[in-house]
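Peer 1: can't give you the sequence, but here's the structure:
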């Protein structure tokens, strides 16, 4: 009698275990957070097609928090910790920004491609502390499904001599894609870099 009860209890336990292990209860793996370790800006003079490349090491970050960046100082930079981009007055330049994940040196990932694929969820914004430079989307820039430029490729038009502090942001899931300051766009900051634009 006891053996029969024990047998039935065992069958009931196995049945409950099988039910609880149904496929629908299998936890869904979360997508890995986008990782950015470097931002690269290629600046091309549209008059003579000469170009310079500037690298910025990006600090580890989490979505929803603002994080700074340690810019990589250029060899000819005599201005302390800030990267300086030298421009000429009354000139036009193409700025092309890209993003890398160099966590594994043997498998460097161009994160720009992922950003472009999620064009509706990303935006690049340059915030200038000063006047003398006008920025607009340029030929080849990526446009989202609502017709908004992502600003991965921009044209910078300079006027008179000036020195301007620039902050560039890669914004994730902006609540708006129009504005003048970082706060106008909402969302989270994926990447933030700083540099000085010197117009001579």
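Peer 2: Sure thing, it's come through. Model, not experiment: these values are computed from the prediction. Numbering: from 1, shown residues only.

Peer 1: Against residue 107, how distant is the residue nearest to the spatial centre of the chain?
Peer 2: Nearest to the mean C-alpha position of the chain, by C-alpha atoms, centre = their mean, lies residue 170 at 3.7 Å. Residue 170 sits 21 Å away from residue 107, taking C-beta to C-beta, to the nearest Å as the criterion. (C-beta placed from N, C-alpha, C; glycine too.)

Peer 1: related to what we said a few turns ago, my guess is the residue nearest to the centre of the chain is in a helix, correct?
Peer 2: No. The assignment for residue 170 is strand, going by DSSP: H, G, I helix; E, B strand; the rest coil, so no helix is present there.

Peer 1: my guess is it contacts residue 189, does it?
Peer 2: Yes. Contact criterion C-beta atoms under 8 Å: residue 170 and residue 189 qualify, at 7.3 Å.

Peer 1: and after the lowest-mean-pLDDT helix or strand in the chain, which helix or strand comes next?
Peer 2: Within the chain, judged by mean pLDDT, DSSP states H and E, the helix or strand with the poorest mean is strand 69-71; its value is a mean of 37. Counting by DSSP states H and E, the next helix or strand C-terminal to strand 69-71 is strand 84-87.

Peer 1: what is the rounded mean pLDDT of that following strand?
Peer 2: Averaging pLDDT along strand 84-87 gives 98.

Peer 1: How about residues contacting it?
Peer 2: Contacts to strand 84-87, defined as C-beta atoms under 8 Å, 6 or more residues apart in numbering, come from residues 41, 43, 52, 54, 74, 77, 93, 133, 156, 158, 166, 195-200.

Peer 1: Try it again at 7 Å.
Peer 2: Counting contacts by C-beta atoms under 7 Å, 6 or more residues apart in numbering, the residues outside strand 84-87 that touch it are 43, 54, 77, 93, 158, 195-200.

Peer 1: Packing partners of the helix or strand following that strand?
Peer 2: Using DSSP H and E, the helix or strand that follows strand 84-87 in sequence is strand 92-101. Strand 92-101 sits against strand 38-45, strand 109-110, helix 111-117, strand 153-158, with contacts defined as 3 or more C-beta pairs under 7 Å, 6 or more residues apart in numbering; DSSP states H and E.

Peer 1: Partner strands of the first one and their direction?
Peer 2: Based on DSSP bridges, the strands next to strand 38-45 in the sheet, each with its direction, are strand 51-58 (antiparallel), strand 92-101 (antiparallel).
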